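In: Predicted structure and sequence below. I'll ask about it afterward.
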Amino acid sequence: MQMDRNVLRGLQAIDSLLLKELKSCRAKEYNFLPRETGLRMMESASTENHSGVSAKCRDTRVEELWGLTSFFGYSTQTFVQAVNFLDRFLTVMKVQPKHLPCIGVCCLDIAAKMVEEANNVSPTHELIRISQSKFTVSDLRRMEKIISEKLSVEPEAVTALTFLRLYYPTFTFLSAGREEIPSIGRLEAQLKACLCRLVFSKAKPSVLALSLIAQEFEALQSITLSKIVQQFQRHLKIGDSELLHWKELVAKCMTDYCSSECNKPDNKKLVWIVSRRTAQNLQANHFSVPGLPTIHEGIWDERESEDSGEDMSCGEDSPCGSPGSDGEGTYFPSAYLHRKK
């Protein structure tokens, strides 16, 4: 009981530093939510009639964005912001499925330019090439203009990641030395997994972030951590039934993603598409070691040297040049394997 009183006193002591910011973000989060009517239309859309973007089509595109994020070394914030742009745009505009690749890559490009350091942002043509998309840089620029006009494209969008990073230091501060809590990296990886499912776009960011924490900490059976969750609930006026609903959905999502049958997006290879002729040449040469001509001492012929330097580079058509080998990554940290940073 003494520990619980200390926890409550500790939370009250940091109210002035944290709760004001939390409440400010809570008030602004509605400005960055996708429209519910648009989300319902995607849920009801069929993947066969091509009349609109379906939930499955959207989820597949988000998984591909996760793969691109990992390949280019972008941060979790870039990915989360890109998904937020994508969902908001899809719920205010009627989009044909054939335009979705351009929209998705464009959202990632916009987010990367807002979040990442300038020298870490991949050139647009490289992003298009690695994503194996068929549109051009000028197509992407036109789409960027449309998205910017239709959305409030702000660098400080309030997302579930915003709240997750605001909540987490309180748990580490008040449980220091007493509880071993999961890392912020683990929670961020779980958030990315949830965002690959359209249903979580319906959740308020403040509630989704607290649901992730509550679900993860529930297994620890810690009274201290439970009290902190309850305090955040009280201050942000999050009901027990609402938190329980999303916590159960998060738990189901984690169970599904931990199964061996799940095709995890962060564990997929980026594969080059090559012509049949190139593929045949690769199959013929990949496992053979070319013989090198003997270089006789004292008789160095520059022409022979040039001829012996056959094309051994790892270019686009070479299996060792495939970005898949660099783009692979594990899915979850710690108990879910090891997190790729």
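Out: That came through, no problem. In this text the structure is predicted, and so the values were computed from the model without any measurement.

In: wait, what's in contact with residue 152?
Out: 31, 32 (CB atoms under 8 Å, 6 or more residues apart in numbering). To be clear about C-beta, it is placed using only N, CA and C from the backbone, and glycine gets the same treatment.

In: For it, which three-state class applies?
Out: Assigned with DSSP: H, G, I helix; E, B strand; the rest coil, residue 152 falls in the coil class.

In: measure it to residue 113 for me?
Out: 16 Å (CB to CB, to the nearest Å).

In: likewise residue 20?
Out: Counting by CB to CB, the gap from residue 20 to residue 113 is 30 Å.

In: Just after the helix or strand containing residue 139, pick out the following helix or strand.
Out: Secondary structure from DSSP states H and E places residue 139 in helix 137-150. Heading C-terminal from helix 137-150, the first helix or strand you meet, by DSSP H and E, is helix 160-174.

In: now the angle from the helix or strand that comes right after that next one to helix 160-174?
Out: As assigned by DSSP H and E, the chain's next helix or strand after helix 160-174 is helix 184-195. Interaxial angle, helix 184-195 versus helix 160-174 (axes from the mean of the first three to the mean of the last three CA atoms, to 10 degrees): 150 degrees.

In: list the helices and strands helix 184-195 packs on?
Out: helix 76-90, helix 160-174, helix 205-218, helix 240-258 (3 or more CB pairs under 8 Å, 6 or more residues apart in numbering; DSSP states H and E).

In: Mean pLDDT, mean neighbour count and distance to residue 117 added to those helices, as JSON lines?
Out: Formatted as JSON lines, the helices and strands packed on helix 184-195 follow (pLDDT from 0 to 100; neighbours: other CB atoms under 10 Å; distance: least, CB to CB, whole Å):
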{"stretch": "helix 76-90", "mean pLDDT": "96", "mean neighbour count": "25", "distance to residue 117": "11"}
{"stretch": "helix 160-174", "mean pLDDT": "91", "mean neighbour count": "20", "distance to residue 117": "18"}
{"stretch": "helix 205-218", "mean pLDDT": "94", "mean neighbour count": "23", "distance to residue 117": "25"}
{"stretch": "helix 240-258", "mean pLDDT": "93", "mean neighbour count": "16", "distance to residue 117": "30"}
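
In: could I get those helices as CSV with distance to residue 41?
Out: What follows is the helices and strands packed on helix 184-195, written out as CSV (distance: least, CB to CB, whole Å):
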stretch, distance to residue 41
helix 76-90, 9
helix 160-174, 22
helix 205-218, 21
helix 240-258, 21
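
In: quick one on the thing from earlier: identify each buried residue in the helix holding residue 139, please.
Out: 139, 140, 143, 144, 147 (16 or more other CB atoms under 10 Å).

In: wait, the fourth one sits on residue 109?
Out: Yes - the criterion here is CB atoms under 8 Å, and residue 144 meets it with residue 109 at 7.1 Å.

In: What lies in contact with stretch 107-119?
Out: 65, 68-69, 72, 74-75, 77-79, 81-83, 85-86, 89, 121-122, 124, 127, 140, 144, 147-148, 153, 155.

In: go with 6 Å
Out: Under the criterion CB atoms under 6 Å, 6 or more residues apart in numbering, residues 65, 74, 77, 78, 81, 82, 85, 86, 121, 127, 155 lie in contact with stretch 107-119.

In: Closest to residue 165 out of these?
Out: Nearest to residue 165, judged by CB to CB, of the contacts of stretch 107-119 is residue 77 at 8.9 Å.

In: give me the element residue 65 is part of.
Out: Using DSSP H and E, the element containing residue 65 is helix 55-72.

In: just for the stretch 101-250 of the chain, where's the confidence low?
Out: Residues of the stretch 101-250 of the chain that meet the criterion pLDDT under 70 lie in 176-178.
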